[in-house]
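**Q** Okay, here's the prediction I keep looking at, along with the sequence it came from:
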Amino acid sequence: MAQIIQGTEDLYGADMRAWQRMTDIARELFGSYGFDPIETPAIEQVDTFVHGIGESTDVVRKEMFRVFSGALLPEVMERGSEAHLKPRQRMALRPEGTAGVVRSAVENNFVPQGGAPAKLWYAEAMFRGERPQKGRLRQFHQVGLEWLGAPDPAADAECIIVLMEYFKRLGFDPSQLRLVINSMGDASCRPAYRDSVRQFILDHADEMCEDCLERAELNPLRAFDCKNAHCREVMEAAPKIDGALCDDCRAHYAQVKRYLDEAGIAYEEDPTLVRGLDYYTRTVFEVEVTGAKVGAIGGGGRYDGLMELEGGKPTPGIGFAVGFERIHLALKELGIDLAGEAPGCVYVACMPSERSAAFSATLALRQAGVRTEADYQGRSLKAQFKQANRLGARLCVVLGTDEVAAGVATVRDMVSHDQVQVPLTELASFVAERV
Ligand code: AMP
């Protein structure tokens, strides 16, 4: 029997309803902040991710699913390398949303010189070749937004405000959430800070794991996130970014915090919050659920250099992404139901001889916007009533021989069992008014 791939999920029933709620709430909320929806392809050139996310990140080095067309694969396998391929032939499934949106913004000139910022949101599947575990899948879903062309610290604060409002509308109480923020500096102050952390790791090389020694060269700040508790202990004494920010970054960060205070958003500062991707500059943030063990449910930050890395003009940007699967897990652990009830329906039951009258009635009800079900298996009236109950029908329209001959239908309330006869010509409006 064919089986689903580990770390991927089928979505249906209550899960699908929860997914739709998460998307609907995002559409309404992000729309009210002036964001328009965008959908970019699930496959992009590898370079889009390498330039944007960074060659040294785990996501690019280990977690991208590479895609080769069936025609190219044998050639790549035979040569044992893809070095001969053109950039456009080297493809990957997107591991995150920002790089693709920024690539599109560059290609389509969403932020023309002197033009207004571009504000975009997406809800899409992402793919990462991770070891599957609770809250960590290989295909997962994110809703996120990207705000391109806005250097003002108010944009950073508003991004965080809309993120926290999103969580509130999903059903979280603000007291259940922990928002952590930091500034990662920019191109003028981060390189020196990065070097100081690299030097610290090398000075403590005998106490750090192999991965951290590799990080010292590639991505030293990631050592703060090492899975190894001893490394994290050693890193407690490492230099922290707050002491290394340049004046501009310090002023920007202070203004972001003032805006958050003004908006009444509670946050904690963590100078070791670095996030996994290379493109972040200045403000970064992450949100955890205090009462649920699911990891971070969302995070983001400013990425003022990314448009240039993707081949565009220097353009500031900021955004965040939120993982549906983790939100869903967290809400379940907190006993909050996002899915709600399955939608009810109206059931059209008929004697087998009245099938064509049932067909017309069903059609008329659906055209009047009523969610309508009927029998398609030639079952007895009794079996049809049972099915109506199973489907949670609120009303049942019954078409027997006598009714059809008299040009009426019996409409039965499935809860009170009251029933009335209604002329077939008025059936659709009668039912539509009652559901
Ligand atoms: P990141 O881009 O890694 O910061 O991810 C943003 C959000 O996406 C996280 O806070 C999670 O909610 C979610 N997420 C990231 N990776 C995974 C994964 N492998 N499986 C499920 N959700 C994920």
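**A** Noted; the coordinates are in hand.
**Q** How about the residues of this structure by the ligand?
**A** Proximity of the chain to the ligand, by CB under 6 Å from any ligand atom, involves residues 96, 128, 130, 135-137, 140, 142, 276, 296-299, 321, 323, 325-326. C-beta: built from backbone N, CA, C; applies to glycine.
**Q** So which residues of the stretch 151-300 of the chain form strands?
**A** Listed in chain order, the strands of the stretch 151-300 of the chain (DSSP state E, counting those that start in this stretch) span residues 177-183, 268-269, 281-289, 296-302.
**Q** What are the buried residues along the helix or strand just after the last one?
**A** Spelled out, that is strand 296-302. Downstream of strand 296-302, the next assigned helix or strand under DSSP states H and E is helix 306-309. Within helix 306-309, the residues that count as buried by 16 or more other CB atoms under 10 Å are 306-307, 309.
**Q** Please apply the same query to stretch 391-407.
**A** For stretch 391-407, burial by neighbour count (16+ other CB under 10 Å) applies to 391, 393-400, 403-404.
**Q** sorry, back to before: okay, the buried residues of helix 306-309 in a markdown table with pLDDT next?
**A** Formatted as a markdown table, the buried residues of helix 306-309 follow (pLDDT from 0 to 100):
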| residue | pLDDT |
| --- | --- |
| L306 | 92 |
| M307 | 93 |
| L309 | 90 |
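**Q** How about the contacts made by whichever residue of the stretch 301-435 of the chain sits closest to the ligand?
**A** Using CB to the nearest ligand atom, the closest approach of the stretch 301-435 of the chain to the ligand is made by G323 at 2.3 Å. With contacts defined as CB atoms under 8 Å, 6 or more residues apart in numbering, G323 is in contact with 135, 140-142, 297-298.
**Q** Out of those, which end up buried?
**A** Burial by neighbour count, judged by 16+ other CB under 10 Å, picks out 135, 140-142, 297-298 from the contacts of G323.
**Q** Quick check, F35 in contact with L148.
**A** No. Counting by CB atoms under 8 Å, F35 stays clear of L148, with 11.1 Å between them.
**Q** where do the contact lists of those two overlap?
**A** By CB under 8 Å, 6+ apart, the residues touching both F35 and L148 are 119-120.
**Q** So between these two, which is more surrounded?
**A** Neighbours were counted for F35 and for L148 using other CB atoms under 10 Å; L148 has more, 24 against 21.
**Q** surely that one meets M307?
**A** Yes. At 6.8 Å, L148 counts as touching M307 under the criterion of CB under 8 Å.
**Q** So which residues of the stretch 151-300 of the chain form helices?
**A** Applying DSSP state H, counting those that start in this stretch to the stretch 151-300 of the chain gives helices spanning 153-170, 190-203, 210-218, 229-235, 247-262.
**Q** out of these, which comes closest to S183?
**A** Closest to S183 of these, according to CB to CB: helix 247-262, at 3.9 Å.
**Q** Show the average pLDDT along the closest one.
**A** The average pLDDT within helix 247-262 is 98.
**Q** Need the contact partners of that helix.
**A** With CB under 8 Å, 6+ apart, helix 247-262 has contacts from 153-154, 156-158, 160-161, 181, 183, 185-186, 188-189, 245, 267, 282-283.
**Q** Quick one: work out the angle between the helix ranked longest in the chain and helix 153-170.
**A** Looking across the chain with DSSP state H, the single longest helix is helix 13-32. Helix 13-32 runs at 150 degrees relative to helix 153-170, counting by axes from the mean of the first three to the mean of the last three CA atoms, to 10 degrees.
**Q** now could you export just the CA positions of helix 13-32 as PDB?
**A** Output of helix 13-32 as PDB, limited to C-alpha atoms (Å, rounded to 0.1, in the frame of the first residue of the first chain):
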ATOM      1  CA  GLY A  13     -12.100  17.600   8.400                       C
ATOM      2  CA  ALA A  14     -11.500  19.600  11.600                       C
ATOM      3  CA  ASP A  15      -7.800  20.200  10.700                       C
ATOM      4  CA  MET A  16      -8.800  21.700   7.400                       C
ATOM      5  CA  ARG A  17     -11.400  23.900   9.100                       C
ATOM      6  CA  ALA A  18      -8.800  25.200  11.500                       C
ATOM      7  CA  TRP A  19      -6.400  25.900   8.500                       C
ATOM      8  CA  GLN A  20      -9.100  27.900   6.800                       C
ATOM      9  CA  ARG A  21      -9.800  29.900   9.900                       C
ATOM     10  CA  MET A  22      -6.100  30.700  10.300                       C
ATOM     11  CA  THR A  23      -6.000  31.900   6.700                       C
ATOM     12  CA  ASP A  24      -9.300  33.800   6.900                       C
ATOM     13  CA  ILE A  25      -8.200  35.600  10.100                       C
ATOM     14  CA  ALA A  26      -4.900  36.500   8.400                       C
ATOM     15  CA  ARG A  27      -6.700  37.800   5.300                       C
ATOM     16  CA  GLU A  28      -9.000  40.000   7.300                       C
ATOM     17  CA  LEU A  29      -6.400  41.300   9.800                       C
ATOM     18  CA  PHE A  30      -3.500  41.800   7.400                       C
ATOM     19  CA  GLY A  31      -5.900  43.400   4.900                       C
ATOM     20  CA  SER A  32      -6.900  46.000   7.500                       C
END
